[in-house]
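> have a look at this prediction, sequence included:
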Amino acid sequence: MATSEEEYPVDNDNLVDNDSEEDLFDDIAEQHIQSSNELKVVDCSDVFDRDPRKRTAPVDVPYDEFPHKRFKQNMEIQDVVMEHALYFLPAKSLCRFKTVNKEWDQYINSPFFAHQQTHSFRDISGLFCQLPGDKPSFISLDQDAYGIPSPSLSFLPQPVTLRTACNGLLCCQNCFEQNSYYICNPVNEEWKVLPEPNFYHGPDQSALALAFEPSALNFAAHFELVCAFSLSLTDQPVICFEIYSSRSSSWRLAETVCSELDALKLNGDGIFLKGVVFWETFAGAILAFDLKEEHYGILSLPPNSGPQGVLTEMRGELCYILPVREGNNYTLEIYGDMDMNLKHIIPLYLGFLSHAHQESLRVLACVNDDAVVILVGDRVIAYNMKAGTVETLRDIVIGNYNGEYNAGFAKYLPYVNSLVHVRSSYVTSLLSEDPTTSYSYLKSP
């Protein structure tokens, strides 16, 4: 029960700031709404704490100054979904919701919604894959929910080779020029060609890693591309790090130089996690490079690591997943922590596959914490580690090669079905436009 103001006088130090408590309007509107053109005086003591000792002063709410705000008593279920749920969905699903009505279409096409979806939706949606000499293709984890308009990346001006991916962005290399890179988003088919690096990145002496961390505070999608390459400054070669930054649109050479013998031969491109880039080496080690401090470190790979295992992210942490065969049975060994200690051993039930297929088993990635994507012969499957269930994602040979060749040489990149924008000029132009304008960049995958 509210207490009178005479018994508990108002404390001026605890007055509520009308401008700083925007969310308060939702609750206030349920109590007192009479006309949209006059001020409403509301006792807010019950909104916060019923203890009269913490009583606050009345709040005057000019509702006519907030025409864009939908108050709770006027909101329908579709308004709640539009404003609080849509940005957690993948791009392909959003294409369907554009047909609900014109308002939804404009809302989903707005650049501000794309920014919010990029920050909110982080689930792995599928894997890009490519064999040497073939066009890229896309394996969806769910055909109904995830997809892209052009899996072969035909919207790019030149044929490309897949290199690395991160949070919806894809890095490709021009097939005809070694030092020419494209950053693109296959969902909206936006792309950007990077300026030529200052150093030569040979095909066998360099390894890339794309670093992109969506931020709710930064409207522009800033990213960095890190190239670790071998350079012979003295009698013994060293690893140098050349970094492209989208903020400066230029390359720079890090002062850090790695001369560790375990890191001199990198085994493919790397992954980005929590501000650090990780590459596997042929010497059974992991080269880690901190992008902020520009320092490097050496971690150990598990024993018996090889092309059948994968360095990946699981539950937000770096891990290494290795398939192990014992007789006719397989298990998945999951290693973690900085020392790559054995954390879990999970049985792998693949009894429906032939022994010939099991010979060429290869783990491709851990996706969305509980599933592992595995290449078994010419079949790509998703294995749920909790339920022990198997779902076939692709059951055809990729390209003109047999399953054994696919297992060792195909490139697989986990990909997020995001609406992130790539072109900086596009973002700049939007900031000068009316934010309610509709931008039809989203095609139906």
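Right, received. Where do you want to start? Numbers count the residues shown, from 1 in each chain.

> looking at strand pairing, list the partners for Y296.
On the basis of DSSP bridges, Y296 is bridged to F289.

> got the contact list for it?
239, 241, 256, 258, 263, 287-290 (Cβ atoms under 8 Å, 6 or more residues apart in numbering). Just so you know, the C-beta spots here come from the backbone N, C-alpha and C atoms, and that holds for glycine as well.

> what about 10 Å?
When contacts are counted by Cβ atoms under 10 Å, 6 or more residues apart in numbering, Y296 touches 228, 239, 241, 254, 256-258, 260, 263, 276-277, 287-290.

> tell me, how many residues neighbour S180?
18 (other Cβ atoms under 10 Å).

> ok, it touching Q158?
Yes - contact criterion Cβ atoms under 10 Å: S180 and Q158 qualify, at 7.8 Å.

> who touches both of those two?
Joint contacts of S180 and Q158 (Cβ under 10 Å, 6+ apart) are 172-174, 193.

> who wins for neighbours among those residues?
Per-residue neighbour counts (other Cβ under 10 Å) across the shared contacts of S180 and Q158 peak at C172, which has 25 neighbours.

> quick one on the thing from earlier: which ones among the contacts of Y296 lie within strands?
Among these, the members found in strands (DSSP state E) are 228, 239, 241, 254, 256-258, 276-277, 287-290.

> so S206 sits right up against G270, yeah?
No - between S206 and G270 there is no contact under Cβ under 10 Å: 11.1 Å.

> quick one: distance of the longest helix along the chain to the chain centre.
Longest helix in the chain by number of residues (criterion: DSSP state H): helix 111-120. Counting by Cα atoms, centre = their mean, to the nearest Å, helix 111-120 is centred 12 Å from the centre of its parent chain.

> where does the stretch 51-200 of the chain have low pLDDT?
Residue ranges of the stretch 51-200 of the chain with pLDDT under 70: 51-76, 78-80, 82.

> related to what we said a few turns ago, out of the contacts of Y296, which end up buried?
Using 16 or more other Cβ atoms under 10 Å as the burial test, the contacts of Y296 include 228, 239, 241, 254, 258, 263, 276-277, 287-289 as buried.

> pLDDT check: weakest of these?
Here the lowest pLDDT out of those sits on A263, with 75.

> show me where the stretch 151-300 of the chain has strands.
Ranges of strands within the stretch 151-300 of the chain are 160-166, 169-174, 181-185, 190-193, 206-211, 224-231, 238-245, 250-258, 271-273, 276-280, 285-290, 295-300, based on DSSP state E, counting those that start in this stretch.

> format those as CSV; extra columns: distance to G306.
Output for the strands of the stretch 151-300 of the chain, formatted as CSV (distance: least, Cβ to Cβ, whole Å):
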stretch, distance to G306
strand 160-166, 21
strand 169-174, 25
strand 181-185, 28
strand 190-193, 34
strand 206-211, 17
strand 224-231, 21
strand 238-245, 22
strand 250-258, 23
strand 271-273, 17
strand 276-280, 10
strand 285-290, 13
strand 295-300, 14
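
> which one among the contacts of Y296 gets closest to A365?
Comparing those against A365 with Cβ to Cβ places V277 closest, at 16.9 Å.

> for the closest one, give its distance to R394.
Look at V277 and R394: by Cβ to Cβ, to the nearest Å, they are 29 Å apart.

> L131 too?
On the measure of Cβ to Cβ, L131 and R394 end up 13 Å apart.

> which neighbours do these two share?
With Cβ under 10 Å, 6+ apart as the test, L131 and R394 both reach S137.

> burial of F121, as a residue count?
The burial count for F121: 24, using other Cβ under 10 Å.

> next one: the one 4 residues further on
Residue crowding around S125 was assessed by other Cβ under 10 Å; the count is 26.

> one more: C319?
C319 is flanked by 19 other residues according to other Cβ under 10 Å.

> go on, N101?
Neighbours of N101 (other Cβ under 10 Å): 12.

> poorly predicted segments of the stretch 251-400 of the chain, please.
351-359, 396-400.

> where along it do the helices fall?
355-359 (DSSP state H, counting those that start in this stretch).

> quick one: contacts for V324?
Here V324 is in contact with 304, 308-309, 330-333, 345, 348 (Cβ under 10 Å, 6+ apart).

> let's see 7 Å
V324 makes contacts with 330-331, 333, as judged by Cβ atoms under 7 Å, 6 or more residues apart in numbering.

> kindly report the same for G309.
320-322, 363.

> could you redo the last one with a cut-off of 8 Å?
Shown in contact with G309 (Cβ under 8 Å, 6+ apart): 302, 320-323, 363.

> which members of these are classed as buried?
Buried residues within those, counting neighbours by 16+ other Cβ under 10 Å: 302, 320-323, 363.

> so which of the residues you listed are in strands?
Judged by DSSP E, strands contain the following of those: 320-323, 363.

> and which of those residues is nearest to D339?
Nearest to D339 among these, counting by Cβ to Cβ, is Y320 at 11.4 Å.

> ok, for that closest one, nearest residue in space, not its chain neighbours?
Y335 (4.4 Å; Cβ to Cβ, 6 or more residues apart in numbering).

> which residues does the one you found bridge with?
Going by DSSP bridges, Y335 forms beta bridges with Y320, L342.

> list the contacts of it.
By Cβ under 8 Å, 6+ apart, the neighbours of Y335 are 302, 319-322, 341-343.

> from the residues you listed, which single one is nearest V390?
I321 (16.0 Å).

> can you name the residues that contact the residue nearest to the closest one when sequence neighbours are not counted?
Leaving aside its sequence neighbours, I321 sits nearest to V363 (Cβ to Cβ, 6+ apart; 4.9 Å). For V363, the contact set (Cβ under 8 Å, 6+ apart) comprises 308-310, 321-323, 332, 372-375.

> now, which of these lie within strands?
Going by DSSP E, the strands hold 310, 321-323, 332, 372-375 from the contacts of V363.

> in TSV, list the residues you listed along with distance to D142.
As requested, these are exported to TSV (distance: Cβ to Cβ, whole Å):
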residue	distance to D142
V310	21
I321	22
L322	27
P323	24
L332	22
V372	16
V373	13
I374	17
L375	19
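
> which among those residues gets closest to F212?
V310 (20.4 Å).

> against H84, how distant is the closest one?
36 Å.

> quick one, which of the two is more surrounded?
V310 (23 against 9).
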